[in-house]
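K.L.:
got a predicted model here, sequence first, then my questions.
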Amino acid sequence: MYLKHSLRKKILAERTLFDRDKFLAENKLIVENTKLAISALYKNLSNKDRDSTEVETNNFEIFSAANPIGLYLPLKGEPDLTSLLDNNWVFCLPKINGDKIEFVHYHKSMVLEKESKGIKHPPSDTILVPSIVIVPGLAYCQKGYRLGFGSGCYDKYFSRLIINTPTTKIGVCFDKYLLESLPIEKHDTKFDYVITENTVLKL
């Protein structure tokens, strides 16, 4: 869609002009709002959902795979939520092959690897299905739809999930890019929450 292409171009150009101090202040608020949302979601889990499942990785590290959080490594201009890794939660990061995403286990002591396009990912091959997935967007709209880079990786990932696999989808962006509306296509995924520095929007 031409309108999506035009919006992407405009937002990417604006990202190069971000004021660093303003970015850091707004980013801190997004981290705090996201942390509060995750804590509330975990608090509402049933006792059954909180039961731990242990997974042994290739290097014999054992960790709890119950209710992992799918995070991301930020590109320039995206909200940086990597400080969430300091919390006592299990995390996984996307590993991208072409336009296919899988989430693999990650913890802070892992040395990241670069794939052919220069995108970093964990060396782990332990695939997890996150209970919560946090996804940055160039923009979101108030109905919960996302404007990404156009590859459709996340839309394809969510469409592959088993229908009864509960996954809470959290979109994050700066409040400036929480728009009233976006062009919506049939394959677009609706998110459950959109979080900015000013709001936690539950949909």
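P.N.:
Perfect, I can see it now. Numbering: from 1, shown residues only.
K.L.:
name the spans of this protein whose pLDDT lies under the cut-off.
P.N.:
Of all residues in the chain, those with pLDDT under 70 make up the ranges 1, 45-66, 116-117, 162-164.
K.L.:
hmm, 80 instead?
P.N.:
Residues of the chain meeting the criterion pLDDT under 80: 1-2, 44-66, 97-99, 115-119, 162-165.
K.L.:
which elements pack onto the helix ranked longest in it?
P.N.:
The longest helix of the chain (DSSP state H) is helix 20-43. Using 3 or more C-beta pairs under 8 Å, 6 or more residues apart in numbering; DSSP states H and E, the elements in contact with helix 20-43 are strand 132-136, strand 168-172, strand 193-195, strand 200-202. C-betas here are computed from N, CA, C, even on glycine.
K.L.:
could you give the angle of that helix to strand 132-136?
P.N.:
Orientation note: helix 20-43 sits at an angle of 160 degrees relative to strand 132-136 (axes from the mean of the first three to the mean of the last three C-alpha atoms, to 10 degrees).
K.L.:
what angle do helix 20-43 and strand 168-172 make?
P.N.:
Using the same axes, to 10 degrees: helix 20-43 against strand 168-172 is 170 degrees.
K.L.:
okay if I get the helices and strands packed on helix 20-43 as TSV plus mean neighbour count?
P.N.:
Listed next are those as TSV, based on neighbours: other C-beta atoms under 10 Å:
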stretch	mean neighbour count
strand 132-136	23
strand 168-172	23
strand 193-195	26
strand 200-202	14
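K.L.:
so for L84, which of those strands sits nearest?
P.N.:
strand 132-136 (8.3 Å; C-beta to C-beta).
K.L.:
could you list the paired strands of the closest one along with their orientation?
P.N.:
Paired with strand 132-136 in the same sheet, following DSSP bridges, are strand 69-70 (parallel), strand 168-172 (parallel).
K.L.:
centre of the chain versus the first one, how much separation?
P.N.:
Taking the mean C-alpha point of strand 69-70 and that of its whole chain, the gap between them comes to 7 Å (C-alpha atoms, centre = their mean, to the nearest Å).
K.L.:
what does it contact?
P.N.:
The contact list for strand 69-70 (C-beta atoms under 8 Å, 6 or more residues apart in numbering) reads 38, 84, 89-94, 103, 128, 130-134.
K.L.:
show the subsequent helix or strand relative to it.
P.N.:
strand 91-97 (DSSP states H and E).
K.L.:
so after that following strand, what's the next helix or strand?
P.N.:
strand 100-106.
K.L.:
buried stuff in that next one?
P.N.:
101-106 (16 or more other C-beta atoms under 10 Å).
K.L.:
want to throw those residues into CSV with distance to Y140?
P.N.:
Listed next are these as CSV, based on distance: C-beta to C-beta, whole Å:
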residue, distance to Y140
I101, 19
E102, 24
F103, 21
V104, 26
H105, 27
Y106, 25
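K.L.:
ok, now how distant is S159 from I127?
P.N.:
17 Å (C-beta to C-beta, to the nearest Å).
K.L.:
ok, back up a step: would TSV of the strands paired with strand 132-136 with distance to K186 be doable?
P.N.:
Converted to TSV, the strands paired with strand 132-136 look like this (distance: least, C-beta to C-beta, whole Å):
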stretch	distance to K186
strand 69-70	24
strand 168-172	17
